[in-house]
Structures are given as structure tokens and as C-alpha cells.
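Visitor: sequence and computational prediction follow.
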Amino acid sequence: MSNKKISSREEDYSQWYNDLVIRGNLADYSSVRGCMVIKPHGYAIWENMKDALDKMFKDTGHVNAYFPLFVPKHLFEAEEKNAEGFAKECAVVTHYRLKNDPENPGKLIVDPEAKLEEELIVRPTSEAIIWSTYKNWIQSYRDLPLLINQWANVVRWEMRTRLFLRTAEFLWQEGHTAHATAEEAIEETERMLDVYETFAREYMALPVYKGVKPEHEKFAGAEKTYTIEAMTQDKQAIQAGTSHYLGQNFAKAFDVKFQNKEGVEEYVYATSWGVSTRLIGTLIMAHSDDEGLILPPKLAPIQVVIIPLFMKDAAVNNMLIEKAQELKNQLLSHNIKVKVDLDESKRPGFKFAEYELLGMPVRVVIGPRDLEQGKIEICRRDTKEKYLSDLMHADLHINQLLVDIQHNIYDKALKFRTDNTFEVVDYEEFKDVIQHKGGFVIAYWDGLEETANKIKTETKATIRCIIQNNEDSSKLCVYSKNKAKHKVIFAENY
RNA sequence: CGGGGUGUAGCGCAGCUUGGUUAGCGCACCUGGUUUGGGACCAGGGGGUCGCAGGUUCGAAUCCUGCUACCCCGACCA
């Protein structure tokens, strides 16, 4: 570790974020442009997210499957809007073999004789390959609904990348479902948005706004895109998950029809929905502080770390270790994820700082001084408050503390969002909020892309989502002063 | 793709303007000792084709040319 301190949010928010990712052992840059290595600590968070989400998907009737990484070009281009939307950020496989370079011994060149008949697109999303498969799986209304999810990696050749928030390759889940009716598909789209909202709230301790993307911001190939939007500590918006109602667009493009009960052939109705490793970036930006990561207990790879304070005296040290192991076993019986740090080469102060950086929710210190009174020291990461607790009942205290921390982090994030969300009717006030205070601005919009573009050019703020359609004829667009179509959230965004 | 910047030990950097024996510092690492209740200290030690290729020169990390990679700002985006 080169520097003791990480950058503060105040002086350089962006650098603070990078420092946390790198120094917090979540991920590292790799030798591939735009691609990151997810390190064990970061991957463990992803595994916890994955486990929780996977259960929620299964509880709502979905099953997992896996589809190929490569999409033949003719399938990729089948749904025109989808293809057009992703075309400019696709990695393409054109050859299948290398050979020794005759000019440069020890070097390899692409074998020109190994050119593929048809290029393969590395999936930026899997609708094409999946719907070309669904065609074979769906004949009857009895085959519906088809509720499938896949955990996968995808590649989008982004111009500028940022660890977790926008990488060229990322991990995600993508649900792809087929339904007999539009109503049922829309219901599914909204159900999965609710799943994401619940996951964000209960596991990530993250309040999110649910809403619908305006026409000009919806997913390429979708009829309607739903989104959850979170607020970061620099008061910007971040899209944390999306759920799309695809109508019959993909069914038509891939000719996926079923016979209904009346024997009539119909195209099926589709949805797709996904969240990615971007959630890890969102988690950091929402909760962490200048000391390091703050992880919600429900997603922390290790929830409690126990540090015995070693002395010269071996007998004392053995006693400390024994007490630490006892407490560990007590905590394990509550299904708490716990680690005992027996490393004697690091001093306590170093360990305290290190575990704060890594975001362990609770730290327990077992030292001879307190132990004489049968006490141990418990420190919570979110507030850094310290308590003395009876060793005997420490497991109960800690169990409760983990619950309190989970709630406190949520409450804090909610308060921050509330304090930084403003409802405005006047455009001057709108500009003032966006440019000087920052945050979410709730305002009315006339529904025109042109208006949204003007606002974006003048303030950098974009429409994050429509939270309500407007019926009230007295409500006017904050910019154009024409009759408003929607109540929306504006913000600068990641 | 436009504008700017940087490549010297695992990481962060100095040295380059004004070329000169053995390329230096901090952190990290290894060994030994003393320490241990908020990022320990002392002593010793290991680690470098100075981004790549060519040129100028008696001599290049340093000057010149070309290339390349990465970072930042913009356009684009989950």
C-alpha cells in the first residue's frame, strides 16, 4: 500500500471512488483496455448479490439457463432497432486461427486463411441468440409463459470506461421471458422492476426511484423501458437496473409464434430485464466514506472481524485466541460471517484502518484490559461508534447491531436523497438547483425530445425517469411552459 | 476521433532544462531484534534490458525522429 490516505470525497469525488475500488481490494485494472479484474473481495460481494437475486428470481417462477457468448451476424441484425442501437460498440470475431509469423520468429499472426464465413458478434446483450432459440421452443400457448434467466458476461466496446460503473466486459444477469398476452408481459416487466427495487432496498440498503424511461432513452428494441434510479453521494443519478417490455418486436424479428386456445397463430410478447456488476459501483458511491467502504451487512463478505490484541506474554495471547474462537463459534451459530485475525505481524492500529477500508460492518477487539471485566470492544463501521459489551452476551448484541447497521445505512441514504431532491416549476430555479446545489429535480415535462435535449445542453441534466403521467391540464412544462405530459426526475447522471 | 498529459523496481515519484563512472527516494517486500488498546521502530538486505525501435555522440534515462501504451477533458454510453 503506497499511501495511507485515500482521496476525500470533498477534494476529488472521482478519485475517491477509484481509490476505494483499488485500495478496497474490489477490483484492479487489467492488461485489456477497459476490462477489469474483479478481486476476491469484490467478487464475494457480487456472489452475495447473485445469491439473493437468484433466489428472488426463482421465487417468482424463473429458471436459469445459459446461451452462447457469440451471436452470428445475421441473427444479430434481425431486430433492426436493437442491432442499430448496439452496432457501434460490438466486438467482432472474424477469424478462428493464428499461425507463426514467418517474418518474426516467436510471434503469431492471424491466419488469413482462417477467415470465418460469417462474423460472430460477441454479445452486448442476448436477445438475438435467445429469441432465435425460443423460436424452436415455443409452439403452443401451453409452452407459455417461458421464464428464463441467465447469469453471464457481455461486452460493450465503450469509449470511456470506469471500474464497475462502465467496463468493456461486465457480469450481469439477463432475464428473457415470453408470454401469450401483452398484459401478462407488462405485468412481468413491472414485477421484475419491483424485484430490483426490493433487492436494492433490502440488501443494498439503497432507496431507488422506480419509473419509465422517456421514448428517446429506452432500450433499443423495447416498447417501454422501466428503470430504478439511485442517487450517489455527489448527488448524481445512476441507473441501477432496467426492465423492458419488448412487445412483439423480437417475436416478429425471429418469427416466434404460438397457437392459442382457439387454434389461432399469434406472435408472443416478450420482456427482458437485467442488473450488472455496476451495482457494486453503485453500492460504493451510495454509502462509503473517506475512511473506506461501508458495506451493508447483508452483502458484506465478512460481517464481523475479531481482533485479539496480542502482547508479549504467550499465555495471555493463547487466552485471547481462545476467547476469540469461542465468540466466533457463538456468532457462527447465528449464521454470521465472521473472521478472527490471528496475524501477529501487524499492529492493531493498522488492522483497524485496514478493516475500515475494506468495509467490515462490525469489528470486535478482544484485549486483556477489558477482558478482566469480562468485556470486549465492539465498533460499528457505519458510525464508527464503539461500545463495551459483556463477552457472554456479545453474540446477541452483534446480531442486533448488524440489523441496526443495515437499517441505518438505508435511512442515511434515504435522508440524503430526500435532502437533495427538489420539486420545481420555474426554469431559473431548475438551473440553480442543478448547477449550484446538485441533486434530483422533480418537474413537469411536455414530453418532447427536443425540450429534453435543450435542457441537457443548457444544464447537463437528463430525464432519468417518468414517475407519473400528467392528467392535470394546469401543470406546465418547466422549460417550454406548454401543457405537461409527464412528471419526471431530472439529474446529472453516470 | 479532437485537445492535453504521462511511460524510470510491485506501487507512487525524483533525475532530463545544461549528456559524463555504479540511476536515486518513499511505500511495499525479505532477514534479525525490540514492539503491539488507532496505520511501530532500529539494523541489514533483495529487486531496474529507464515503454519500443532507430539516430546523433567517445559516451544517452537525459538530445533528435518514428512508433506504441495508458491516463485526463470532450463527443458516445448500462
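Guide: Here it is on my side, so go on. Numbering: from 1, shown residues only, chains lettered A, B, ... in the order given.
Visitor: could you use CA atoms for every contact and neighbour count after this?
Guide: Noted.
Visitor: nearest residue to the most centrally placed residue in chain A other than its sequence neighbours?
Guide: Ranked by distance to the mean C-alpha position of chain A (C-alpha atoms, centre = their mean), the top residue is A:Leu279 at 1.5 Å. Excluding the flanking residues, the one nearest A:Leu279 by C-alpha to C-alpha, 6 or more residues apart in numbering is A:Ala240, at 6.2 Å.
Visitor: so the residue nearest to the centre of chain A, which of the three states?
Guide: helix (DSSP: H, G, I helix; E, B strand; the rest coil).
Visitor: returning to what we had before: is whichever strand or helix holds the residue nearest to A:Leu279 up against RNA strand B anywhere?
Guide: For A:Ala240, the element it lies in under DSSP states H and E is strand A:237-247. Yes. Against RNA strand B, strand A:237-247 shows contacts by C-alpha under 7 Å from any atom of the strand at A:239-242.
Visitor: what ranges do the helices span in the stretch 351-494 of chain A?
Guide: A:368-371, A:394-419, A:427-432, A:449-459 (DSSP state H, counting those that start in this stretch).
Visitor: which one of those helices lies closest to A:Lys257?
Guide: helix A:449-459 (34.3 Å; C-alpha to C-alpha).
Visitor: starting at the chain centroid, how far to that closest one?
Guide: 27 Å (C-alpha atoms, centre = their mean, to the nearest Å).
Visitor: avg pLDDT for it?
Guide: Averaged over helix A:449-459, pLDDT sits at 90.
Visitor: so which bits of it are buried?
Guide: Neighbour-count burial for helix A:449-459 flags A:451-452, A:455-456, A:459 (criterion: 16 or more other C-alpha atoms under 10 Å).
Visitor: and the residue lying closest to A:Trp16 once chain neighbours are set aside, how many neighbours does it have?
Guide: Using C-alpha to C-alpha, 6+ apart and skipping the chain neighbours, the partner closest in space to A:Trp16 is A:Ser7 (4.7 Å). Using other C-alpha atoms under 10 Å as the criterion, A:Ser7 is surrounded by 20 other residues.
Visitor: and the residue of the stretch 201-350 of chain A found nearest RNA strand B, what pLDDT?
Guide: In the stretch 201-350 of chain A, the residue that lies nearest RNA strand B is A:Gly349 (3.1 Å; C-alpha to the nearest atom of the strand). pLDDT, A:Gly349: 95.
Visitor: give me the number of residues near it?
Guide: 8.
Visitor: identify each buried residue in the host helix or strand of A:Glu47, please.
Guide: Assigned by DSSP H and E, A:Glu47 belongs to helix A:40-59. Residues of helix A:40-59 classed as buried by neighbour count (16+ other C-alpha under 10 Å): A:41-46, A:48-50, A:53-54, A:56-57.
Visitor: how about the contacts made by the residue nearest to A:Trp16?
Guide: Under the criterion of C-alpha atoms under 8 Å, 6 or more residues apart in numbering, the contact list for A:Ser7 reads A:13, A:15-16, A:19, A:290.
Visitor: determine which two of those residues are furthest apart.
Guide: A:Gln15 and A:Asp290 (11.2 Å).
Visitor: of those two, who's got more company?
Guide: More crowded of A:Gln15 and A:Asp290, by other C-alpha under 10 Å: A:Asp290, with 19 against 14.
Visitor: related to what we said a few turns ago, next structured bit after the helix holding A:Glu47?
Guide: strand A:63-64.
Visitor: generate a PyMOL selection restricted to the buried subset of the residues of strand A:237-247 next to RNA strand B.
Guide: Selection of buried members from those for PyMOL, criterion 16+ other C-alpha under 10 Å:
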select buried, chain A and resi 239+240+241+242
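Visitor: could I get the residues of strand A:237-247 next to RNA strand B as JSON lines with pLDDT?
Guide: Formatted as JSON lines, the residues of strand A:237-247 next to RNA strand B follow (pLDDT from 0 to 100):
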{"residue": "A:Gln239", "pLDDT": "94"}
{"residue": "A:Ala240", "pLDDT": "95"}
{"residue": "A:Gly241", "pLDDT": "95"}
{"residue": "A:Thr242", "pLDDT": "96"}
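Visitor: so which of the residues of strand A:237-247 next to RNA strand B comes closest to A:Tyr196?
Guide: A:Gly241 (6.8 Å).
Visitor: so what's that closest one closest to, chain neighbours aside?
Guide: A:Val275 (4.8 Å).
Visitor: show me what contacts that neighbour?
Guide: A:172-174, A:240-242.
Visitor: for A:Phe250, state which of these is nearest.
Guide: A:Glu174 (15.3 Å).
Visitor: and the closest one, what are its bridge partners?
Guide: A:Gln150, A:Gly274 (DSSP bridges).
Visitor: residues near it, how many?
Guide: For A:Glu174, using other C-alpha under 10 Å, the count is 23.
Visitor: surely it touches A:Ser272?
Guide: Yes. Look at A:Glu174 against A:Ser272 with C-alpha atoms under 8 Å: they come within range, at 6.6 Å.
Visitor: in the sheet, which strands lie alongside the helix or strand bottoming out on mean pLDDT in chain A, parallel or antiparallel?
Guide: The weakest-scoring helix or strand in chain A, judged by mean pLDDT, DSSP states H and E, is strand A:108-110 (a mean of 81). Here strand A:108-110 has these sheet partners by DSSP bridges: strand A:98-100 (antiparallel).
Visitor: need the contact partners of the strand it pairs with.
Guide: Counting by C-alpha under 8 Å, 6+ apart, A:106-111, A:114 sit against strand A:98-100.
Visitor: do stretch A:424-441 as well
Guide: Here stretch A:424-441 has contacts from A:231, A:234-237, A:417, A:420-423, A:442-444, A:459, A:461, A:476-479, A:489-492, using C-alpha under 8 Å, 6+ apart.
Visitor: is it true that A:Tyr173 touches A:Ile148?
Guide: You called it Tyr, but residue A:173 is Gln. No. Look at A:Gln173 against A:Ile148 with C-alpha under 8 Å: they stay out of range, at 10.5 Å.
Visitor: strands along the stretch 201-350 of chain A, start to end?
Guide: A:209-212, A:224-231, A:237-247, A:257-259, A:265-267, A:269-276, A:304-308, A:338-340 (DSSP state E, counting those that start in this stretch).
Visitor: and those strands: which comes nearest A:Trp131?
Guide: Closest among the strands of the stretch 201-350 of chain A, using C-alpha to C-alpha: strand A:269-276, at 9.5 Å.
Visitor: now the closest one: how far from the chain's centre is it?
Guide: The answer for strand A:269-276 is 15 Å, by C-alpha atoms, centre = their mean.
Visitor: flag every residue of the stretch 251-400 of chain A that's near RNA strand B.
Guide: So the stretch 251-400 of chain A meets RNA strand B at A:276-278, A:291, A:309-312, A:344-354, A:356-357, A:365-371, A:376-377, A:379, A:384 (C-alpha under 7 Å from any atom of the strand).
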